[in-house]
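Student: quick one: sequence and predicted model below, then my questions.
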Amino acid sequence: MARRSILGGLAALVLLAAAAHAEELSIVSGATGVDLEILRQQLDRFERYSGNKVRIVPRPSSPADQFADYRRWLSDPGADIDVYAMDNTWASQLADRLADLTGATADVVAVHFPVTIRAQTVDGRLMALPFFAEAPVLYYRKDLLDRYGFKPPATWAELTATAKAVMDRERAAGNTAMWGYVFQGAPYEGLTANALEWIASNGGGLIVDPDGTVTVDNPRAAGILELARSWIGAIAPPDVLSFTEEESRAVWQAGNAVFMRNWPYAYALGNANDSPIRNRFDIAPLPSGEGGRSAATLGGWALALSKNSTQREAATALIRYLAAPEQQAYRALRAADLPTLPLLYDDKDIAEEQPAMLKWKPVVEGAILRPAAVTASKYDEVSKEFWTAVHETLSGRGSAARNLSALKERLERLRGPAW
């Protein structure tokens, strides 16, 4: 099949690039569990291919701690780390400390989803090569919707009505713990992703547009945030304002929510042998707003090369190897990681082993980007200002219109003459 011919070509390139002499490389990546095991297996193969040795530097479990360590290590010329596995928004923030991969990957970027390449491109330079993708979907209790004669909602307004109707009927039937919708409402990056989806799907823009213009203060953005505020205590539990992914999943997987917004990892856990909702749920694209388009925030990881690496040729070969179809297929089969390569969604082995993955293809393909590339090193501050304004709105502290107006002023000051 086509995938095999691509694999052969990329494997040959890896060998040619790395075979000149053996190197000792280091990569900072997966910290625990199956991710670390799979990476080690992949690195063992690379070592056999190339003759090079690769050491894994575990990263802290907290994303904030990870990013802080990355910033510190990349600022230290003596840090002995060549390759960094980057969260989707990090490479753009650390671009001045990373090597430009544009030339070294020019022959392979076309096989990735374009959106995953755009996410790692800053001022025309590719700062990291996509490794695997993540994109959120709407999880729904198929058994409950079937029981009460509802379909998966196509719009946020439909979700609001359906969630309330099913929740009320379930509570009347004795399940007093049932809620209509759970999502990530705590003041952190997860709320940025959720709220960006609401706003973009309602035609309210992307917070900061690709040309650097702050566009978040508009009636469509305010309108959808007011709808989201109406959920709190009505179809979403009041403490959803402190929920991250795992708190949302805990309520959902206990059988106490009709709908949930979450990432792919929750699918396998929901269908685990000991899960109360095993085989009782399905997934659909996130609803649209008045803008008429479902919007899912792109997540995932990419591989970047430190400017401080003294072994750039071998390290680049490692990046190309781990991002190549064969290794992305390996991760898809063993960890259900979403490939950044469209061709793998047509792979027979993956389709048989991970049938739900096909539903994620259009979600990844049409995903939206947080404004990390355009705001670069200031993205963390932009995101914090945004999630704070949204959280204030959801908490009932000020109207969406007032909070977004104040947010625009803060972002304009943060931008200054340019990002």
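Tutor: All right, it came through fine.

Student: can you give me the strands for this protein?
Tutor: 24-29, 53-58, 83-87, 121-122, 125-126, 129-134, 137-140, 179-182, 257-262, 282-284, 299-305 (DSSP state E).

Student: please identify the most buried of the ones you listed.
Tutor: Among the strands of the chain, ranked by average contacts under mean count of other Cβ atoms under 10 Å, first place goes to strand 257-262 (a mean of 27). No exception for glycine: its C-beta is placed from N, CA and C like everyone else's.

Student: that one pairs with which strands?
Tutor: According to DSSP bridges, strand 257-262 forms sheet pairs with strand 137-140 (antiparallel), strand 179-182 (parallel).

Student: how far away from the center of its chain is the first one?
Tutor: I take that to be strand 137-140. Centroid separation for strand 137-140 versus its chain: 15 Å, with Cα atoms, centre = their mean, to the nearest Å.

Student: now swap in the last one and tell me
Tutor: Taking the mean of its C-alpha atoms, strand 179-182 sits 22 Å from the chain's own mean (Cα atoms, centre = their mean).

Student: circling back: make CSV out of the strands of the chain and add distance to Ser201 and mean pLDDT.
Tutor: Below are these laid out as CSV (distance: least, Cβ to Cβ, whole Å; pLDDT from 0 to 100):
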stretch, distance to Ser201, mean pLDDT
strand 24-29, 33, 94
strand 53-58, 37, 93
strand 83-87, 23, 96
strand 121-122, 24, 94
strand 125-126, 28, 97
strand 129-134, 18, 97
strand 137-140, 11, 98
strand 179-182, 15, 98
strand 257-262, 12, 98
strand 282-284, 14, 98
strand 299-305, 17, 97
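
Student: so, low pLDDT: which residues of this protein?
Tutor: Along the chain, segments meeting pLDDT under 70 span 1-21, 30-33.

Student: how is it divided into domains?
Tutor: The chain is divided into the following domains under automatic domain parsing: 2-134+299-364, 137-297+372-415.

Student: can you pull the phi/psi pair for the residue lying closest to Asn271 once chain neighbours are set aside?
Tutor: Using Cβ to Cβ, 6 or more residues apart in numbering and skipping the chain neighbours, the partner closest in space to Asn271 is Arg278 (5.2 Å). Phi and psi for Arg278, reported as degrees, to the nearest 10, are phi -50, psi 130.

Student: Arg40 is nearest to which of the strands of the chain?
Tutor: strand 53-58 (6.7 Å; Cβ to Cβ).

Student: check contacts around the residue nearest the centre of the chain.
Tutor: Central residue of the chain (Cα atoms, centre = their mean): Gly299, 1.5 Å from the mean position. The contact partners of Gly299, taken as Cβ atoms under 8 Å, 6 or more residues apart in numbering, are Asp87, Asn88, Ala133, Glu134, Ala135, Pro136, Ala193, Trp263.

Student: reformat those residues as JSON lines; add distance to Leu206.
Tutor: Formatted as JSON lines, the contacts of Gly299 follow (distance: Cβ to Cβ, whole Å):
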{"residue": "Asp87", "distance to Leu206": "19"}
{"residue": "Asn88", "distance to Leu206": "15"}
{"residue": "Ala133", "distance to Leu206": "19"}
{"residue": "Glu134", "distance to Leu206": "18"}
{"residue": "Ala135", "distance to Leu206": "16"}
{"residue": "Pro136", "distance to Leu206": "16"}
{"residue": "Ala193", "distance to Leu206": "12"}
{"residue": "Trp263", "distance to Leu206": "20"}
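
Student: which one of the residues you listed sits closest to Ile224?
Tutor: Nearest to Ile224 among the contacts of Gly299, with distances taken as Cβ to Cβ, is Ala193, at 14.5 Å.
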